[in-house]
Every structure is written in structure tokens, then in C-alpha cells.
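[1] Everything below, folded, please.
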Amino acid sequence: MEQIQPTDQERKDYALTLRNSVELGLGREDPLIKTSAMVFKKYPHHLVLIQAGGFLHAYGKSAYFLHKLKGYRLRVVGPESAPSIRCGLPVSRHRRSLWHVFADYKVPYVVALGSRGNYEVHVSREETTSSLIDEIPDSIVEQLVAELSQTDRLRTARAAQILLRPEQSTFRLKQAVDQLYEETHKDLKRMPRDLRIFVGQDVADCLGRIIRMVYGFSSSDDRTGLLKRLSGDIDLYRYFLDHWRKVGKLNNDKFNLRAALIIEMGSLVGGLINKYRRSAPVR
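    Residues are numbered from 1 along each chain as shown. Modelled structure (predicted):
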């Protein structure tokens, strides 16, 4: 059978996307990718930020720079033929969040404020010939696009399996919480005594509730309510985990392991919530 490929116009009109703008099949283009690339071509040593509604978006090397320096979350955007990475922050916070970065690291910037076709462009140190942006290798964007796309597709595939076979997800949920308990127990033992007193008890209480709900799920009379409470405690544990990383109590490898477990648990619980929500009788 002859395989029919979509036209360019069909790609734009019938784009299919997954969450976080990682595409499946057809792709929708982010118009600001081209705008940012044009500005960056003119100012190759500058950090480039473009306003889109209430947010400032950075793409490519600029997005990577802000991600490493400020911890902003990266997303994959653009069509499959030319994907890129993007991060953003509210326009109302850009002076407080970024001006000291520009000053401390001597990074020149281009900030375009306004809307498409009516931007007011602010450029610092227009004649700059080098900056920290030049230290970022060209290959880093391609590497991050590949890593982030693969991660998102794996999550989506896992979520699809949960919806098809929800009974298996409870078994995997118990496996994940058992592993999380073992890793958290090690963390609490290594934690300084003063931090363990003020933070460790909250973490232990949160994990205890998670374990009780996971193992009490099968006998619960209100499974939807239990899952919602479990989802809230998983989010709370994620908060504690992020706090540990910020205060330097977890290295990247340990953080990534625990983050992967808590993200998987969140996906499993989300799939179960959807399953029981759809099966609930309509009143």
C-alpha cells in the first residue's frame, strides 16, 4: 500500500502534540523560535528573551543558560523537523529575577517586550564580541531535545499502559514506594541532626502517609478520595525533595533517582484517578 505523507499545510492545520509540547506525528511550529533565531543571529553573544503574552521566553542556548543558572524548567517546542528547547518566566518578575544575573555574570542581553509586530527591543552592550553564552556548545540543544523528548514519550507510553491495564499499576506503585522508603531512610540517617529535627520528621510523616495509602488502597471504600489525598502527599514529598537539592543535601545522581520514583508514582496515581473517575456512576 502506498504511504501518503501530509502536506506542509496539513501539518500546520492538524498538528498533534503531547503534553509539554513534545509532538506525536505532526508538529505545530512555535513562531517565536524563528524570531529568537533571527535576533540571536544578529546578537550571537547575547541572552535573548522574547515576550509572549504574560511571559518572557528564551530558546536554544539562552534557554539552556537560564536553566543551568536559575533552574527554569525546559520544554521541547517546535516541529519535529526543527525542534528546540524553551524556558520562560513571568514578565512581571523579569527585572527582579534576571537583572542581577546580567550584572553579576556580565552577560549582555536582548529583551523584546510587546507583541508580534510591535516589539520594543532593549539591547545591552551592543558591541560585545564574547560572553558566557559562547561557552555553550552548539550540540547541547540537540542533546537536550533528544533527552527530553525520550523522557516525555516514555511517560506517555507508561500512562497509556496504566489506562489499559490499571490492575498492574497498583503492583508497580507498591514497588516504587518500597524503593522510595529505602532511599529516604538512607537520606534521613545521613542528614545532620539539626536538619533532621526540623525537616526529617515532616518528610517521615509524609512518606508514612504515602505508604499507608498505597498499601490500603485495595481495601478502601473510597478509592477516588484516597487517590486524591495520595496525589497531594506525593506533591508534598516532591517539594521536600526539591528543598533537599537546593540546600545541597542531595547530589545530582541521588536527586535524579528519587525524582524518577516520585514522578512515576505521580503518573501511576494520575492514571488510577482517571480510571476510577470514568467508572464512577453518574448521579
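[2] Now do the strands in the protein.
    47-52, 55-59, 75-77, 84-90, 109-115, 118-123 (DSSP state E).
[3] okay if I get the ones you listed as CSV plus mean pLDDT, mean neighbour count and distance to Arg223?
    Placement of C-beta: from N, CA and C, glycine included. Formatted as CSV, the strands of the chain follow (pLDDT from 0 to 100; neighbours: other CB atoms under 10 Å; distance: least, CB to CB, whole Å):
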stretch, mean pLDDT, mean neighbour count, distance to Arg223
strand 47-52, 90, 24, 41
strand 55-59, 91, 23, 38
strand 75-77, 84, 22, 33
strand 84-90, 87, 21, 37
strand 109-115, 87, 18, 47
strand 118-123, 85, 12, 51
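[4] quick one: which of the ones you listed is nearest Ile133?
    Across the strands of the chain, Ile133 has its closest neighbour in strand 47-52 (6.2 Å, CB to CB).
[5] can you redo the strands of the chain as a markdown table with distance to Leu257?
    Listed next are the strands of the chain as a markdown table, based on distance: least, CB to CB, whole Å:
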| stretch | distance to Leu257 |
| --- | --- |
| strand 47-52 | 32 |
| strand 55-59 | 29 |
| strand 75-77 | 23 |
| strand 84-90 | 24 |
| strand 109-115 | 36 |
| strand 118-123 | 42 |
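[6] Looking at the ones you listed, which is nearest to Asp202?
    With CB to CB, the closest approach to Asp202 among the strands of the chain belongs to strand 84-90: 28.8 Å.
[7] Direction included, what does the closest one pair against?
    Strand 84-90 pairs in its sheet with strand 55-59 (antiparallel), strand 75-77 (antiparallel), by DSSP bridges.
[8] what angle do the longest one and strand 47-52 make?
    Orientation note: strand 55-59 sits at an angle of 140 degrees relative to strand 47-52 (axes from the mean of the first three to the mean of the last three CA atoms, to 10 degrees).
[9] of the strands paired with strand 84-90, which approaches Gly271 most closely?
    Short answer: strand 75-77, nearest of those by CB to CB, at 22.2 Å.
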